[in-house]
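Participant: Sequence and predicted model, in that order:
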Amino acid sequence: MQFTLQHTDNKSGARAGRIETDHGVIETPIFMPVGTAATVKAVHQRELRDDIRAQIILGNTYHLYLRPGLEVLQQAGGLHRFNGWNGPILTDSGGFQVYSLAHRRKIKEEGVTFQSHIDGSRHTFTPEGVMDIQRVIGADIIMAFDECTPYPCEYNYARKSLDMTHRWLDRCIERFDNTTPLYGYSQTLFPIVQGSTFPDLRRASAEYIAALGREGNAIGGLSVGEPAEDMYAMTELVTAILPADKPRYLMGVGTPENILECIARGIDMFDCVLPTRNARHGLLYTSEGIISIRNQKWRNDFSPIDANNPAPTSQTHTRAYLRHLFVNEEILGMQLATLQNLGFFLWLVGEARRHILEGSFAAWKTEMVAKVSRRL
């Protein structure tokens, strides 16, 4: 993987860059649709590629390990061939499931033992095993195994967790560097900065990871319930330490407002389930604000879903029609809403990139934050 930093905004930390992988180029800043179980819910791969112009998607190590399982994925030749997406893919490490499945797991130095949410069977993830699993899945960018601490979190727990995460990272790197990709193309390992909302821990983690000199770096453990101001403060602290010539990925973030604020703080890559999850409940993100499409006020609104977004779904269908689909519980409603939301998130980061390159990002960001955070 190669990263080229093309421009940095002179009034903020916003950056425009270019990531080259064996499955294609990613122009940053970028939003990555989440395809937890080898699919971005309600969206066909052709629509991802042609309609909303996705450049990279995510897969989830924990879910893919359980279903369809490593044997199926390896027989298929990896996730790209299994799901028919020929662009770049990133996989998380399962570390977030260590956090979200707290009632089903036990953490030890060796790794994490957990019960499957599917059938209750027991499994163990170790740093070495997670590297091997992600080799089989075959993503272009893979994540180190870490513990995502909850919020709020006691300082002593966060410190002990961070020390263990760093020890796990060393084991991940050793395993990764002593194994090879399985399908004839390269893979890249990103370490993950942790430390909850404690500045000294975040600083220590960022310094530890920056010194490793890997091809890219991630920031985890945010967007887990902490105030937005804490997220922004920790992000700004960490990006000031992580090397400028490597891409920076803020995991699990976030709302359109979060994304714009964190682009301004030097983040290049984002992912979040909000656009797809909220779409299935009729909550739409647009360039003018947030729409609850089931509301009566949209019944006779025959304007496009989002007049400022050139994506086909935004222009082709009206708000009245989409409301009709949701009121009648038509599956197409969820599909179109998902395309609208993902299309908007990708439009938003694309516009951010354009304004960074043009030198007008700061003023544009201030205007857009006010728009995208309001309810219509």
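Facilitator: That came through, no problem. Note that this is a predicted model, so its numbers are computed, not measured.
Participant: burial of Arg277, as a residue count?
Facilitator: Residues near Arg277, counting by other CB atoms under 10 Å, number 14. C-betas here are computed from N, CA, C, even on glycine.
Participant: can you tell me which helix or strand it belongs to?
Facilitator: helix 274-279 (DSSP states H and E).
Participant: What is the subsequent helix or strand relative to that helix?
Facilitator: Once helix 274-279 ends, the next helix or strand along the chain (criterion: DSSP H and E) is strand 283-286.
Participant: mean confidence score for that following strand?
Facilitator: Across strand 283-286, pLDDT averages out at 98.
Participant: helices or strands next to the helix or strand just after that strand in the packing?
Facilitator: Once strand 283-286 ends, the next helix or strand along the chain (criterion: DSSP H and E) is strand 289-292. Strand 289-292 sits against strand 283-286, helix 361-372, with contacts defined as 3 or more CB pairs under 8 Å, 6 or more residues apart in numbering; DSSP states H and E.
Participant: so which of those is the most packed in?
Facilitator: Comparing the helices and strands packed on strand 289-292 on average neighbours per residue, with mean count of other CB atoms under 10 Å, the densest one is strand 283-286 at a mean of 23.
Participant: and that strand, which strands flank it?
Facilitator: strand 289-292 (antiparallel) (DSSP bridges).
Participant: ok now do Ser93, which residues does it touch?
Facilitator: Thr61, Val130, Gln134, Ile142, Met143, Ala144, Phe145, Asp146, Ile192 (CB atoms under 8 Å, 6 or more residues apart in numbering).
Participant: Of the residues you listed - the most surrounded one?
Facilitator: Asp146 (32 neighbours).
Participant: got the domain boundaries for the protein?
Facilitator: 2-272, 273-376 (automatic domain parsing).
Participant: List the contacts of stretch 110-121.
Facilitator: Under CB under 8 Å, 6+ apart, the answer for stretch 110-121 is 66-67, 94, 97-98, 101, 104-106, 122-127, 129, 145, 147, 168.
Participant: now it: mean pLDDT?
Facilitator: Here the average pLDDT along stretch 110-121 is 91.
Participant: just stretch 306-323 next, same as before
Facilitator: 91.
Participant: start to end distance for that stretch?
Facilitator: 14 Å (CA to CA, to the nearest Å).
Participant: What lies in contact with it?
Facilitator: With CB under 8 Å, 6+ apart as the criterion, stretch 306-323 contacts 51-52, 284, 286-288, 291, 293-295, 298-305, 333, 336-337, 339-340, 343-344, 347.
Participant: coming back round to it: mind putting the helices and strands packed on strand 289-292 into a markdown table with distance to Val25?
Facilitator: Listed next are those as a markdown table, based on distance: least, CB to CB, whole Å:
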| stretch | distance to Val25 |
| --- | --- |
| strand 283-286 | 26 |
| helix 361-372 | 21 |
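Participant: Ala264 is nearest to which of those?
Facilitator: For Ala264, the closest of these is helix 361-372, at 5.8 Å, according to CB to CB.
Participant: and the contacts of stretch 110-121, which are buried?
Facilitator: The neighbour-count criterion (16 or more other CB atoms under 10 Å) marks 66, 94, 97-98, 101, 105, 123, 125-127, 129, 145, 147, 168 among the contacts of stretch 110-121 as buried.
Participant: So which of these are in strands?
Facilitator: Arg105, His123, Phe125 (DSSP state E).
Participant: isn't Thr149 right next to Tyr155, touching?
Facilitator: No. Thr149 lies out of contact with Tyr155 (CB atoms under 8 Å); the separation is 10.6 Å.
Participant: Show me which of these two is the more surrounded one.
Facilitator: The neighbour comparison of Thr149 against Tyr155 (other CB under 10 Å) goes to Thr149, with 26 against 12.
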